[in-house]
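Trainee: Next comes the sequence, and after it the predicted model I'd like to discuss.
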Amino acid sequence: MAIRKAVVLAAGEGKRLRPLTYTRPKCMIQLAGKPILRLVLENLKVAGVNEAAVVVKYKKEAITDYFKANPVEGMKLAFIDQGERYGTAAAFGYAEGFATETFFGVAGDIITEASALKKLAERSQGEVTAALHAVEDAREYGTAIVKSGKISAFEEKAQKPKSNLANCSLYVFEPSVFRKIKNIKKSLRGEYEIIDVLKGATAVEISDYWLDMGMPWQLFSANEFLLSKLPDNRDRVENCTIRGKIVMEKDAEMHDSVIEGNVYIGEGSYVGPHAYIRGTTSIGKDCGIGDSTTIKNSIIFDHVNAKHLTYIGDSIIGSGCNFGAATQIANYRFDAGNIHAVVNDVTIDTKRNKLGAIIGDGVKMGVLSSVMPGKIIGDGCWVDAGVVVHENVERKTHVILHQAITKKKLE
């Protein structure tokens, strides 16, 4: 079935992805040089969509301004404000005037492949069709129970789930679905949920790559997948050792440095001399990665400077951050155990034994400062020289080290 229209939900904040989402919607987090929402729209374009309505609310100007300056070629975009009704069903409901024919309904923060959308369209039947993906730990997802190819029930993060088929937030709807959406009642959390119209929907199990990012460290998996799909594109490389793939944008430069792994370097960024970039790493535009700095398996947003003796490992660094000389981000525990992170006052086992810091936009790190594994630093913070960050730092905080100095006269 050829599906030409799509409704894309992009109104949410993504509170568990703070501090990155204090300054941008979740769907505008950048991976491999592009916001997630753009990747979603490009996949829809490949799947045959030429007209999409994007439902916006939280920091909507970040979305509308970006696509005004960077349109998706061959796709007409409309932006629809989500009003006072909250929830996924409510968001779709606001697009009723747009979706007058069979349409894709998708979340704007899902990383997947165009092939998954094509498969969903080809196998769609009836008023609602939903994509499902088998997952290892179903306790972390909303899962569907399927009987005879139809969804019979849903479970939301059950401790003993009856199914391992996660709801992908990828749907094909007929316009008649809006009648059902209007009759949905508020859920216990006070929202109108699209899962309330999915009972009886056609189930399509996909095996393509799919990731619903709930926690910051899940961005590493998405970054790795996306970089694996990009072709090697190197230019303005001088006197470097390269063991892996490099994707370099316009005016990016690198000299006298070592690359080991798949690395993306954004427009106008400069790497070198003596920088060491390894693992799967994305560096945004207009960044400076300089003398004897090591970046390992990290995601660096735009306008970041780490020019002198800095180590950034397994970390996500927001836009406009500056690292003073010899800043060190630790990413490994002495006991080699899993690293725990505190997200929205809840301690979570990340299930990773390598995790550095999650740092928001505009943070300034003083010389010889350091951050312990799994710590989160909010946007706009200043961390003074010599400070060791042992706990999360709230946004717009100045962290000051007080020294007790004793002076003694030499005989």
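Mentor: Thanks, I have the structure now. Numbering: from 1, shown residues only.

Trainee: Enumerate every residue touching the nearest residue to Ile400 once chain neighbours are set aside.
Mentor: Nearest residue to Ile400, sequence neighbours excluded (C-beta to C-beta, 6 or more residues apart in numbering): Asp384, at 5.1 Å. Yep, even glycine has a C-beta here, placed from its N, CA and C like the rest. By C-beta atoms under 8 Å, 6 or more residues apart in numbering, Asp384 lies in contact with Gly366, Ser369, His398, Val399, Ile400, Leu401.

Trainee: Phi, psi for Asp384 please.
Mentor: Dihedral pair for Asp384: phi -70, psi 160, per degrees, to the nearest 10.

Trainee: Output the below-cut-off pLDDT ranges for the stretch 1-150 of the chain.
Mentor: Within the stretch 1-150 of the chain, the segments meeting pLDDT under 70 span 1.

Trainee: For it, which segments are assigned as helices?
Mentor: 36-46, 60-69, 88-93, 114-123 (DSSP state H, counting those that start in this stretch).

Trainee: Other residues contacting the shortest one?
Mentor: The set of residues external to helix 88-93 that reach it, using C-beta under 8 Å, 6+ apart, is 7, 9, 11, 55, 82-83, 85, 105, 107, 169, 173, 177-178, 181-182, 184, 191-197.

Trainee: The longest one now?
Mentor: Among residues not part of helix 36-46, those counted as contacts by C-beta under 8 Å, 6+ apart are 6, 8, 10, 25-31, 34, 52, 54, 63, 66-67, 70, 72, 74-75, 77, 104, 106-114, 117-118, 213, 222, 226.

Trainee: Of the residues you listed, keep whichever come out buried.
Mentor: Among the contacts of helix 36-46, those classed as buried by neighbour count (16 or more other C-beta atoms under 10 Å) are 6, 8, 10, 25-31, 52, 54, 63, 67, 72, 75, 77, 104, 106-114, 117-118, 213, 222, 226.

Trainee: Next step: those residues restricted to strands.
Mentor: 6, 8, 10, 30-31, 52, 54, 77, 104, 106-107, 110-112 (DSSP state E).

Trainee: of all these, which comes closest to Val128?
Mentor: Phe104 (12.0 Å; C-beta to C-beta).

Trainee: Look up the residues forming beta bridges with the residue nearest to that closest one when sequence neighbours are not counted.
Mentor: Leaving aside its chain neighbours, Phe104 sits nearest to Ala6 (4.0 Å; criterion: C-beta to C-beta, 6+ apart). For Ala6, the beta-bridge partners are Ala52, Phe104 (DSSP bridges).

Trainee: on that earlier part again, most neighbours out of the contacts of Asp384, which is it?
Mentor: Within the contacts of Asp384, most neighbours by other C-beta atoms under 10 Å means Ser369, with 24 neighbours.

Trainee: how close does that one get to Gly284?
Mentor: Here the criterion is C-beta to C-beta, to the nearest Å. By it, Ser369 lies 22 Å from Gly284.

Trainee: Next: Tyr22.
Mentor: From Tyr22 to Gly284 the distance is 18 Å (C-beta to C-beta).
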